[in-house]
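Peer 1: Return a 3D structure for these sequence lines:
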Amino acid sequence: MYELASQKHPELPGCVSLSFRGQGNAIPVHLHTVWCVSAITKGQRTITFSGREHLMEAGWVALIPPGLPHACSSAPGLPFEGMTLCLSSGVVAEAMGDEVPTGGGSCFYAPALHARLVRWRSQGFQTPGSFSLCDGMSGSVPVAGHPDAAKGQVLALLQDFFGASGLLSPAASFCQPLPPSVRAACEVLDAHPQEPLSLDELAERLRVSPYHLARTFSHRVGVPPHVYQTLARLRLARKRLEEGMSLAETALVCGFYDQSHLCLRFKHSMGVTPGQFQRSSL
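Peer 2: Alright, predicted model coming up:
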C-alpha cells in the first residue's frame, strides 16, 4: 500500500509539498527534476543512492538533487508516513548562489532541522484536508503571509539544510563533472525520451563504444542508459499528466507502447497509478 498527494505552496512558485504514507512499499530506482528535502514522520524508510543504503526515521532528513537515481523501501508490514518538499532549481539557486553543488545527495541526523521542516510545511501550506489521497495527514493550518516572507523562510531553511548536509565540501566526489560521453548521452535521452533508442544507436550517435558507454554510464549515473531513458519518459509523463493530458495521449507522446504499459511503469516507479497522481496534482 502506498498513498501520495501533492500541494503547491500558495505564495511561493517552485515549491511543492508531497505527503506520503504506506506499508511495506518499495519504489524502484527513479529520479526527479527538482531538489527534494525529505523527512519521515512515522516509522522507518530506507533510501538508496550512490551504492549506499540510508535508514530514515524521525530526526533524519534527506537532501536529493535533481537527476540523482535513488530507490526507496520499507520493511514488510511496517507502516510509515513522511513528507517531501520539492523545490525548483531557481529557488535553491536563490538561496545558495554559487554554493549549490552539482550532484550527490545526503542523509543526516538533524532533529532540530527535521522539526523545522515539518513545522514550516504545516504552517506554510494552506487548505487543511486538501491531501485527498492521504486524508488526515496534512495537519495544515491557514496562515496569512506575504510572498517575500514565505520566500525568506524557505531560503533560510535551505541554507541551514545545505550547511548541515556536508554537500558543500569542495572535495566531495559528486562535484566531479560527468565524462563528456556520459553527459552527452544524458542530454540525448533527456531531450528525446520518447524515441526508441538502443544502446548501439546511442553509442553510434555519440561515436563511442557501446561497451564503454554502458560501463561508464552505469558507474557514474547509477543506472544503465535504458533505465535512465525509462525514468526520463516517466518524468515527461508526470509533466503531461500535471498539465491535464489524458492517459492514452500521455502514453503515446511519451514513448510507451500503450496506456497499460504507462500504468504499469508508472505504478512500479511512483507507487501510485497515473490516474491517482493526476487527480492529486490538478
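
Peer 1: Nearest the geometric middle of the chain, what residue?
Peer 2: His32 (3.6 Å; Cα atoms, centre = their mean).

Peer 1: In this structure that residue contacts Cys86, no?
Peer 2: Yes - the criterion here is Cβ atoms under 8 Å, and His32 meets it with Cys86 at 7.2 Å. In this view, the C-beta of every residue, glycine as well, is placed from N, C-alpha and C.

Peer 1: returning to what we had before: and the residue nearest to the centre of the chain, what pLDDT?
Peer 2: At His32, the predicted lDDT confidence score is 80.

Peer 1: and if you look at Gly82?
Peer 2: pLDDT recorded at Gly82 is 90.

Peer 1: just Phe131 next, same as before
Peer 2: 32.

Peer 1: what's the answer for Cys186, then?
Peer 2: pLDDT, read off for Cys186, is 88.

Peer 1: got a list of what it touches?
Peer 2: Cys186 makes contacts with 67, 178, 221, 228, as judged by Cβ atoms under 8 Å, 6 or more residues apart in numbering.

Peer 1: Around the spatially closest residue to the first one that is not a sequence neighbour, how many other residues sit close by?
Peer 2: What it means is Gly67. Spatial nearest neighbour of Gly67, chain neighbours left out: Leu31 (5.6 Å); criterion: Cβ to Cβ, 6 or more residues apart in numbering. Per other Cβ atoms under 10 Å, the neighbour tally for Leu31 reads 23.

Peer 1: Surely Leu31 touches Pro69?
Peer 2: Yes - if you go by Cβ under 8 Å, Leu31 and Pro69 touch, sitting 5.0 Å apart.

Peer 1: list the residues that contact both of the two?
Peer 2: Leu231.

Peer 1: Break down the stretch 101-250 of the chain into its helices, ranges please.
Peer 2: Using DSSP state H, counting those that start in this stretch, the helices of the stretch 101-250 of the chain run over residues 111-124, 147-165, 180-191, 199-206, 210-221, 225-242, 247-253.

Peer 1: is it possible to export those to CSV including distance to Gly51?
Peer 2: Converted to CSV, these look like this (distance: least, Cβ to Cβ, whole Å):
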stretch, distance to Gly51
helix 111-124, 25
helix 147-165, 18
helix 180-191, 17
helix 199-206, 22
helix 210-221, 10
helix 225-242, 15
helix 247-253, 33
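
Peer 1: for the residue nearest to the centre of the chain, helix, strand, or coil?
Peer 2: Classification of His32 using DSSP: H, G, I helix; E, B strand; the rest coil returns coil.

Peer 1: which strands and helices sit next to the helix or strand of the chain with the lowest mean pLDDT?
Peer 2: The weakest-scoring helix or strand in the chain, judged by mean pLDDT, DSSP states H and E, is helix 147-165 (a mean of 73). Applying 3 or more Cβ pairs under 8 Å, 6 or more residues apart in numbering; DSSP states H and E, one finds that helix 147-165 contacts strand 60-64, helix 89-96, strand 106-109, helix 111-124.
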